[in-house]
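Trainee: Provided below for reference: sequence and predicted model.
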Amino acid sequence: MAFGIGRLLGHTLTGTGGLESVERVLASVGRGSVAVLADRCTRARHRRSTCATCGDACSFGAIRLPDAEQAAPARVDPERCNGCGLCIPACPTQAITADRRPLPQPGGKQQSVACGPAAALGADAEAWAPCLGALDPAFWLEGVGRSLTVYRGLCASCPIPGGEDAFERNLAAARAIAALENADIRIRVQDVKADVPRKPAGPDGARLSRRDFFRLAGREARADVLAAVHPESSGQAWRGGRLRQEPSPRRQAIAEHLPAESSEPFARDLPLWQLTLDPTRCTACGLCAEVCPEAALRWSAGSPEGDGETGESALVFDPAFCDGCRLCVDVCPERASVLVRAVPPWRRGPQALLKGLRGNCARCGATFLSDHGEATCRRCASMAEGTFAALLRRGQPGDPGD
């Protein structure tokens with residue numbers, strides 16, 4: 001049904017007002033509880049993305065990933081999705097969102113939040129989420145300097161599997177980030193007991209209500225319209241070749257709590273990464289910087305600060321905004337990128353991974369960095385040297401070619 005609505009609107013609006021007019025129309029289409037932002041989904045940004053974290057987090061098979069070598073966003077099956085939201089913190093680029101903000105805006109010294117089952121049992125909380133595991137580390141970081149009360153239903157009988165583990169994992173990551181600035185997150189967890197055992201939900205249990213189904217179907221229709229107006233040919237770039245690059249709100253919130261540097265040991269599961277490049281393999285094509293959704297990779301003129309005085313270019317990496325999506329590794333044609341968890345000593349701020357004069361090879365046309373303004377890339381120069389050496393050998397007495 002959503003597919004039909006989307007295609008109908010897409011064909012009707014194509015060419016009549018551009019993407020902006022289409023999005024204005026789509027703003028009135030259904031707003032489901034879970035949505036995928038296509039321009040942030042790595043599977044839509046490049047066909048070689050291997051990210052599948054949202055699908056791995058969904059226990060109900062509601063996340064549909066595109067076929068291999070196809071650039072398209074993950075999709076939510078509205079008939080199977082129960083709105084638990086565990087896929088939201090699992091997505092590294094915050095491409096999956098929900099039309100809700102469980103906690104009020106920061107301001108009070110004490111706040112409370114309850115999971116869906118606890119709220120249904122009458123927990124007196126200021127706000128609620130379907131599952132506490134749907135709250136990412138950035139959410140819990142809002143609790144720095146406050147006292148939070150968390151009302152939790154009995155996870156053993158909860159119809160959302162994996163919610164308790166996700167809750168503890170995301171909270172541990174937030175506490176590890178807060179510890180870098182010698183802060184703490186004070187949380188009091190209060191279990192709310194159920195008088196009657198709850199029935200399991202999901203594909204074989206309770207389904208979405210009719211109203212929620214149509215709201216989620218509206219989200220599917222919205223994605224279909226965008227696909228009809230802006231079809232993907234090669235699949236490398238989303239929305240007509242323009243990839244939006246800016247840190248997600250989640251990553252910005254995390255970056256605000258990161259110190260300038262840290263030499264002390266920190267938790268291994270901290271959401272900090274370090275990118276390195278093999279200079280013997282990297283051709284400076286710039287594809288990694290082009291597709292980075294968080295703008296953690298960029299080309300800068302001159303030094304990482306971008307003074308441009310030397311005429312050189314630098315590939316700059318800012319670890320504070322890297323979300324570990326691994327898209328830079330997936331798209332690298334030369335397999336020159338290596339992304340690993342960061343270890344001390346760690347320093348935030350721009351770091352030059354490569355530096356040199358960026359140009360195009362006079363022989364093959366590929367982009368490369370040169371140290372002294374060479375006209376050919378290393379590969380072509382090496383091939384030329386080999387050809388010249390072979391010609392010299394042929395001129396030697398006793399050479400089989402004589």
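Mentor: Alright, I've got the coordinates. The shown structure was predicted, so the numbers you read here are calculated from the model rather than taken from an experiment.
Trainee: separation between residue 96 and residue 133?
Mentor: From residue 96 over to residue 133 the distance is 13 Å, taken as CB to CB, to the nearest Å. Using the backbone N, CA and C atoms, a C-beta is placed for each residue, glycine as well.
Trainee: Please disregard the earlier target; I meant residue 181.
Mentor: Residue 181 is 25 Å from residue 133, by CB to CB.
Trainee: The two: which has the busier surroundings?
Mentor: Of the pair residue 181 and residue 133, residue 133 is the one with more neighbours under other CB atoms under 10 Å, namely 29 against 12.
Trainee: May I have the residues that are in contact with that one?
Mentor: The neighbourhood of residue 133, defined by CB atoms under 8 Å, 6 or more residues apart in numbering, consists of 84, 85, 86, 89, 160, 162, 163, 164, 165, 166, 167, 170.
Trainee: so the fifth one makes contact with residue 81?
Mentor: What that stands for is residue 160. No. In terms of CB atoms under 8 Å, residue 160 does not count as a neighbour of residue 81; the distance is 11.8 Å.
Trainee: Please, where are all the helices along the chain?
Mentor: Taking DSSP state H as the test, the helices found in the chain are 2-13, 18-26, 42-45, 53-57, 87-90, 116-120, 137-141, 163-180, 210-229, 249-256, 287-291, 327-331, 378-394.
Trainee: Surely residue 45 touches residue 243?
Mentor: Yes. Under the criterion of CB under 8 Å, residue 45 makes contact with residue 243 at 6.1 Å.
Trainee: Who has more neighbours out of these two?
Mentor: Set side by side, residue 45 and residue 243 show unequal neighbour counts under other CB under 10 Å, the larger going to residue 45 at 31 against 17.
Trainee: gap between the nearest residue to that one once chain neighbours are set aside and residue 367?
Mentor: Once flanking residues are discounted, residue 45 sits nearest to residue 291: 5.1 Å by CB to CB, 6 or more residues apart in numbering. Per CB to CB, residue 291 is found 15 Å from residue 367.
Trainee: Tell me which of those two has more neighbours.
Mentor: residue 291 (23 against 14).
Trainee: Pull the contacting residues for that one.
Mentor: Contacts here follow CB under 8 Å, 6+ apart; on that basis residue 291 touches 42, 45, 46, 236, 243, 327, 328, 331.
Trainee: mind checking how far the second one is from residue 298?
Mentor: Counting by CB to CB, the separation of residue 45 from residue 298 is 16 Å.
Trainee: hang on, residue 268 packs against residue 341?
Mentor: Yes. Using CB under 8 Å, residue 268 is in contact with residue 341, at 6.4 Å.
Trainee: Which one's more surrounded, these two?
Mentor: Between residue 268 and residue 341, residue 341 has the larger neighbour count (other CB under 10 Å), namely 13 against 9.
Trainee: What residues are bridge-paired with the more buried one?
Mentor: Here residue 341 shows beta-bridge partners residue 273, assigned using DSSP bridges.
Trainee: you'd agree it is up against residue 273?
Mentor: Yes. Contact criterion CB under 8 Å: residue 341 and residue 273 qualify, at 6.2 Å.
Trainee: Residue 80 reaches residue 61, doesn't it?
Mentor: Yes. Counting by CB under 8 Å, residue 61 is a contact partner of residue 80 at 5.7 Å.
Trainee: Please identify which of the two sits among more neighbours.
Mentor: A count of neighbours by other CB under 10 Å puts residue 80 above the other of residue 80 and residue 61, at 17 against 12.
Trainee: what separates the more buried one from residue 143, distance-wise?
Mentor: When CB to CB is the yardstick, residue 80 and residue 143 sit 33 Å from each other.
Trainee: go on, residue 88?
Mentor: From residue 88 to residue 143 the distance is 18 Å (CB to CB).
Trainee: hmm, back to that, give me the lowest-pLDDT entry from the contacts of residue 133.
Mentor: Lowest-confidence member of the contacts of residue 133: residue 160, scoring 86 (pLDDT).
Trainee: so how far is residue 291 from that one?
Mentor: Counting by CB to CB, the gap between residue 160 and residue 291 amounts to 33 Å.
Trainee: so who does the closest residue to residue 358 other than its chain neighbours touch?
Mentor: Beyond its immediate neighbours in the sequence, the residue positioned closest to residue 358 (CB to CB, 6+ apart) is residue 313, lying 4.0 Å away. Contacts for residue 313 were tallied using CB under 8 Å, 6+ apart; they are 284, 299, 300, 301, 302, 355, 356, 357, 358, 369.
Trainee: Dump the residues you listed to CSV, plus neighbour count, distance to residue 51 and pLDDT.
Mentor: As requested, those are exported to CSV (neighbours: other CB atoms under 10 Å; distance: CB to CB, whole Å; pLDDT from 0 to 100):
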residue, neighbour count, distance to residue 51, pLDDT
284, 23, 25, 85
299, 15, 24, 85
300, 19, 27, 81
301, 15, 31, 69
302, 16, 33, 53
355, 19, 29, 82
356, 19, 31, 78
357, 16, 34, 76
358, 19, 29, 73
369, 21, 28, 70
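Trainee: Spatially, which two of the residues you listed are the most separated?
Mentor: In the contacts of residue 313, the most distant members under the criterion CB to CB are 284 and 302, with 15.1 Å between them.
Trainee: what about the strands in the stretch 301-402 of the chain?
Mentor: Per DSSP state E, counting those that start in this stretch, the stretch 301-402 of the chain carries strands over the ranges 313-317, 337-341, 346-347, 351-360, 367-370.
Trainee: And for the stretch 1-150 of the chain?
Mentor: Using DSSP E, counting those that start in this stretch, the strands of the stretch 1-150 of the chain run over 34-36, 63-64, 75-76, 96-98, 110-115, 127-129, 147-153.
Trainee: Just tell me which of those ends up closest to residue 318.
Mentor: Taking CB to CB as the criterion, strand 96-98 is the member of the strands of the stretch 1-150 of the chain that comes nearest to residue 318, at 23.6 Å.
Trainee: what residues go with each domain of the chain?
Mentor: Each structural domain of the chain that the record assigns through automatic domain parsing is listed here as a residue range: 2-100+203-229, 266-363.
Trainee: Go through those and find the least confident stretch.
Mentor: domain 2-100+203-229 (a mean of 67).
Trainee: Please report the number of neighbouring residues for residue 77.
Mentor: Residues lying near residue 77 (other CB under 10 Å) number 16.
Trainee: Please tell me how far it sits from residue 61.
Mentor: Distance from residue 77 to residue 61, counting by CB to CB: 7 Å.
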